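Asks: Take a look and give me a structure for this.
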Amino acid sequence: MSTEHAEPGHGHSPAAWTAVTIMLIAFAIGTVAFFLDVQWLVWAAAGLLVLGAIVGWALAKAGYGVDGAKVAPKAH
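Replies: As a prediction, the model looks like this:
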């Protein structure tokens with residue numbers, strides 16, 4: 001067994017934090033809209049949820065993901 005292993009990153013990157021933040025906001029808006037029975041806002045929140053996933057993917061591809069070129073590594 002090797003002492004060196006690849007660190008999966010566990011989502012500690014600007015891309016992951018941005019995606020999760022957008023998706024949490026979308027989920028909160030959708031929950032309130034569902035409670036208040038505002039159907040168009042529920043669907044808009046669902047669209048924002050999908051947009052959050054796309055933004056996270058795009059940022060990761062742009063180098064802001066785990067071990068990305070534009071992310072400074074943290075010393076553990």
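Asks: OK, contacts around the residue nearest the centre of the chain?
Replies: Per CA atoms, centre = their mean, the C-alpha nearest to the average position across the chain is that of A19, at 1.9 Å. Listed by CB atoms under 8 Å, 6 or more residues apart in numbering, the contact set of A19 reads 52-53, 55-57, 59. Bear in mind the C-beta positions are built from the backbone N, C-alpha and C, glycine included.
Asks: Same check on T31?
Replies: If a contact means CB under 8 Å, 6+ apart, then T31 has no contacts.
Asks: Repeat that for A45.
Replies: Applying CB under 8 Å, 6+ apart, we find A45 in contact with 26-27, 29-30, 33.
Asks: Just send those back as a markdown table, with distance to V71 and pLDDT too.
Replies: Shown next, in a markdown table, are these (distance: CB to CB, whole Å; pLDDT from 0 to 100):
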| residue | distance to V71 | pLDDT |
| --- | --- | --- |
| A26 | 24 | 98 |
| F27 | 26 | 98 |
| I29 | 29 | 98 |
| G30 | 30 | 98 |
| A33 | 35 | 98 |
